[in-house]
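# sharing a model prediction with you, sequence too.
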Amino acid sequence: QVQLVESGGGLVQAGGSLRLSCVASGRTFSSYGMGWFRQAPGKEREFVAHIRWTVYYADWVKARFTISRDNAKNAVYLQMNSLKPEDTATYYCAAQTFKLGRGISNGDDYDYWGQGTQVTVSS
């Protein structure tokens with residue numbers, strides 16, 4: 001069992017930056033693929049980024065966000081720059097065990113989820 005705890009959300013003006021953190025319990029963190037997703041009110045959850053041996057981003061990220069991980073700290077991060085009001089959402093981190101055929105952008109392919117952290121971008 002893995003527990004994930006996000007932090008770092010908050011209120012920021014458009015054009016600003018935030019760094020989200022997600023810390024995992026357990027001793028096998030390095031074996032998990034880690035993803036960030038977000039969900040805005042009234043909208044479906046959407047993929048943001050993934051990291052295991054390499055990184056993947058949703059097309060709309062367009063170099064504004066950077067995912068990274070520190071296995072020594074059991075942590076994954078999402079650096080968000082040039083924030084826009086449309087980035088307002090609850091951001092979730094998720095952990096994925098390795099299984100052949102799994103995708104990285106479908107939340108159903110992740111095994112563990114954090115409780116989320118709210119990001120609000122004002123115009």
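All right, it came through fine. Residues are numbered from 1 along each chain as shown.
# tally of neighbours for the nearest residue to residue 93 once chain neighbours are set aside?
Excluding the flanking residues, the one nearest residue 93 by Cβ to Cβ, 6 or more residues apart in numbering is residue 22, at 3.4 Å. Heads up, the C-betas are built off the backbone N, CA and C, glycines and all. When counting by other Cβ atoms under 10 Å, one arrives at 25 neighbours for residue 22.
# does residue 22 touch residue 73 like I think?
No: contact status for residue 22 versus residue 73: not in contact, 10.6 Å apart, counting by Cβ atoms under 8 Å.
# what's opposite the residue nearest in space to the middle of the chain in the beta bridge?
With distances taken as Cα atoms, centre = their mean, the chain has residue 36 as the residue nearest its mean C-alpha position (1.9 Å). Beta-bridge partners for residue 36, by DSSP bridges, are residue 49, residue 93.
# show me what contacts it?
By Cβ atoms under 8 Å, 6 or more residues apart in numbering, residue 36 lies in contact with 20, 22, 48, 49, 50, 67, 76, 78, 91, 92, 93, 94.
# tell me the pLDDT at the second one?
At residue 22, the pLDDT value in this model is 98.
# spit out the contact partners of it.
Contacts for residue 22 (Cβ under 8 Å, 6+ apart) come out as 4, 5, 6, 7, 34, 36, 75, 76, 77, 78, 93, 114.
# do the last one as well
If you count contacts by Cβ under 8 Å, 6+ apart, residue 94 has them with 4, 34, 35, 36, 37, 107, 110, 111, 112, 113, 114.
# can you pull the pLDDT of the closest residue in space to it that isn't next to it in sequence?
Spatial nearest neighbour of residue 94, chain neighbours left out: residue 110 (3.8 Å); criterion: Cβ to Cβ, 6+ apart. pLDDT, residue 110: 97.
# repeat for residue 102
Looking at residue 102, its pLDDT stands at 89.
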